[in-house]
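With the sequence up front, the predicted model follows.
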Amino acid sequence: MTNILAIAQKELKSYFSSPIAYVVLGFFALTFGYFFYALLLYFDRQSLQAGAGGGPAVNVNEQLIRPVFLNATVIFLFILPLITMRTYSEEKRSGTIELLLTAPLTDFQIIMGKFVGAMGLYGAMLALTCVHIATLFAFGRPEWRPLVTTYVGLLLMGGCFISLGLFISSLTRNQIVAGMITFAVFLMLWVINWIASFTGPTTQAVLNYLSITDHLDDFTKGIVDTKHLIYYLSFIGFGLFLTARSVDTERWRG
């Protein structure tokens with residue numbers, strides 16, 4: 001565990017010693033802030049109309065918080081490849097991969113360290129959203145349980161993307177190539193349910209199950225379903241397994 005945390009700390013330091021972390025956090029903060037502000041204005045108008053017309057009260061979780069986070073997942077398509085593209089490709093390009101593989105570390109420790117480090121930066125991104133959510137609690141009464149499950153779902157979804165990004169980064173020494181391929185694969189997983197609408201019922205059910213964003217929907221409603229947990233955890237495990245096989249191949253080549 002100590003070795004894993006040491007590698008994770010090294011990864012986090014490498015993010016913040018380059019512009020990557022600041023660009024990622026800054027871009028996310030600006031775009032999420034814009035989504036939040038735009039939907040807050042819309043929610044405010046809806047609340048005023050409901051109050052003036054005597055209609056049913058609007059729900060801040062369903063009509064503001066949930067749409068904000070679902071829209072924010074689009075940002076991850078662009079940001080997470082920036083986080084994962086350098087994890088292995090930069091090690092290969094600079095030649096430090098040989099030092100890493102010959103160090104008294106297991107493949108599991110190396111992979112988990114890099115995974116935890118990338119998740120740490122991703123977690124910092126999600127932590128920025130707490131500022132906006134705190135303002136809602138200061139002036140309103142949102143339900144906290146759907147918020148907790150939403151953050152759990154976002155962490156699991158991010159873990160899926162990062163585990164897959166680690167695998168793709170381990171296949172090439174070029175960061176740009178790794179980033180572009182990672183984005184293309186993420187985009188395919190994003191739109192796979194759209195493709196499913198043009199297929200037969202059996203294929204449609206399979207493709208819908210593979211859609212990484214469809215499994216997040218229940219989390220944003222406050223529902224924790226075991227089928228979604230199994231999907232996300234299996235996806236993360238499979239991505240890390242593929243990375244382990246790729247790293248093992250690199251070790252044998254060395």
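The structure has been received and is ready for your questions. Numbering: from 1, shown residues only.

which residues does E11 contact?
Applying CB atoms under 8 Å, 6 or more residues apart in numbering, we find E11 in contact with T87, G113, K114, V116, G117, A118, G120. In this view, the C-beta of every residue, glycine as well, is placed from N, C-alpha and C.

The fifth one and L99: what is the separation?
Shown here: G117 relative to L99, a distance of 17 Å by CB to CB, to the nearest Å.

which one of these two has more residues nearby?
Remark: of G117 and L99, G117 carries more neighbours, 24 against 10, as counted by other CB atoms under 10 Å.

In strands, which of the contacts of E11 fall?
When DSSP state E is applied, those are split such that none fall in strands.

From those residues, which one has the minimum pLDDT?
Across the contacts of E11, the bottom pLDDT score, 82, is held by T87.

Backbone torsions only: list them for that residue.
phi -60, psi -50 (degrees, to the nearest 10).

So which elements touch the host helix or strand of L154?
Assigned by DSSP states H and E, L154 falls within helix 144-169. In terms of contacts (3 or more CB pairs under 8 Å, 6 or more residues apart in numbering; DSSP states H and E), helix 144-169 is packed against helix 66-84, helix 107-139, helix 175-196, helix 216-220, helix 226-253.

How about T182, nearest residue that isn't a chain neighbour?
In space, and not counting its chain neighbours, T182 is closest to P81: 4.0 Å by CB to CB, 6 or more residues apart in numbering.

That neighbour contacts L164, doesn't it?
No - P81 is not in contact with L164 according to CB atoms under 8 Å; the separation is 10.0 Å.

joint contacts of the two?
Counting by CB under 8 Å, 6+ apart, the common neighbours of P81 and L164 are T182, F186.

rewinding a little: let me see the contact set for the residue nearest to T182.
G165, A178, G179, M180, T182, F183, F186.

List only those of those flagged as buried.
Buried by 16 or more other CB atoms under 10 Å: G165, A178, G179, T182, F183, F186, out of the contacts of P81.

I'd like these written out as JSON lines, with pLDDT and distance to L77 added.
Below are the buried ones among the contacts of P81 laid out as JSON lines (pLDDT from 0 to 100; distance: CB to CB, whole Å):
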{"residue": "G165", "pLDDT": "92", "distance to L77": "11"}
{"residue": "A178", "pLDDT": "88", "distance to L77": "15"}
{"residue": "G179", "pLDDT": "89", "distance to L77": "12"}
{"residue": "T182", "pLDDT": "91", "distance to L77": "10"}
{"residue": "F183", "pLDDT": "91", "distance to L77": "7"}
{"residue": "F186", "pLDDT": "88", "distance to L77": "5"}
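
Nearest to S18 among the residues you listed?
Set against S18, the nearest of the buried ones among the contacts of P81 by CB to CB is G179 (14.1 Å).

Just give the nearest non-adjacent residue to that closest one, would you?
Leaving aside its chain neighbours, G179 sits nearest to M85 (3.7 Å; criterion: CB to CB, 6+ apart).

per-residue pLDDT, the one you found?
Per-residue pLDDT puts M85 at 87.

Make sure it is actually in contact with T182.
Yes - under the criterion of CB under 8 Å, M85 makes contact with T182 at 6.1 Å.

Spit out the residues that contact those two alike.
Listed as contacting both M85 and T182 by CB under 8 Å, 6+ apart are G165, I168, S169.

Now for the last one: which residues touch it?
Applying CB under 8 Å, 6+ apart to S169 gives the contacts T84, M85, R86, T87, Y88, S89, Q175, A178, T182.

my guess is the last one contacts I168, does it?
Yes - with contact defined as CB under 8 Å, T182 and I168 form a contacting pair (4.8 Å).
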